[in-house]
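Chemist: no sequence for this one, just the structure:
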């Protein structure tokens, strides 16, 4: 997994998946963490979502689709 921080945007890349997290937009509601069946996401010490197991991501897009603040994008 490669993590590239760009301002408040964190980009996580692996072979077949890319997840972008806009920390400034994340309000810490944890919806994305709760819907992730593969346990790829967790909350960090600042109360923002972070990727903890990118390689397990199956690109179901639930986190992307259900985030009310568009803080997470999966490609």
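Modeler: It's in. Model, not experiment: these values are computed from the prediction.
Chemist: Every contact and neighbour count from this point should use C-alpha atoms.
Modeler: OK.
Chemist: Which stretches in the chain count as strands?
Modeler: 2-6, 9-13, 18-22, 41-43, 49-51, 72-74 (DSSP state E).
Chemist: now for the fifth one, which elements pack on it?
Modeler: If I follow you right, that is strand 49-51. strand 41-43 (3 or more CA pairs under 8 Å, 6 or more residues apart in numbering; DSSP states H and E).
Chemist: so how far is the strand it packs on off the chain centroid?
Modeler: Put simply, strand 41-43 sits 8 Å off its chain's centre (CA atoms, centre = their mean, to the nearest Å).
Chemist: For that strand, which strands pair with it and how are they oriented?
Modeler: Strands that pair with strand 41-43, judged by DSSP bridges, come out as strand 49-51 (antiparallel).
Chemist: Quick one: distance of the partner strand to the chain centre.
Modeler: Worked out by CA atoms, centre = their mean, strand 49-51 lies 5 Å from the chain centre.
Chemist: Could you give the average pLDDT over it?
Modeler: Computed over strand 49-51, the mean pLDDT rounds to 97.
Chemist: residues in contact with it?
Modeler: Identification of contacts with strand 49-51 by CA atoms under 8 Å, 6 or more residues apart in numbering yields 12, 21, 23, 26, 28, 30, 32-33, 40-44.
Chemist: re earlier: and residue 59, which of the strands of the chain is closest to it?
Modeler: strand 72-74 (6.8 Å; CA to CA).
Chemist: Buried deepest among the strands of the chain, which one?
Modeler: Ranked by mean neighbour count, the strands of the chain are led by strand 49-51 with a mean of 23 (mean count of other CA atoms under 10 Å).
Chemist: Mind listing the residues bridging to residue 50?
Modeler: Under DSSP bridges, the beta-bridge partners of residue 50 are residue 42.
Chemist: still on that earlier bit, please convert the strands of the chain to CSV, extending it with distance to residue 62.
Modeler: Below are the strands of the chain laid out as CSV (distance: least, CA to CA, whole Å):
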stretch, distance to residue 62
strand 2-6, 21
strand 9-13, 17
strand 18-22, 12
strand 41-43, 12
strand 49-51, 14
strand 72-74, 9
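Chemist: Those strands: which one's closest to residue 60?
Modeler: Comparing the strands of the chain by CA to CA, strand 72-74 comes nearest, at 8.8 Å.
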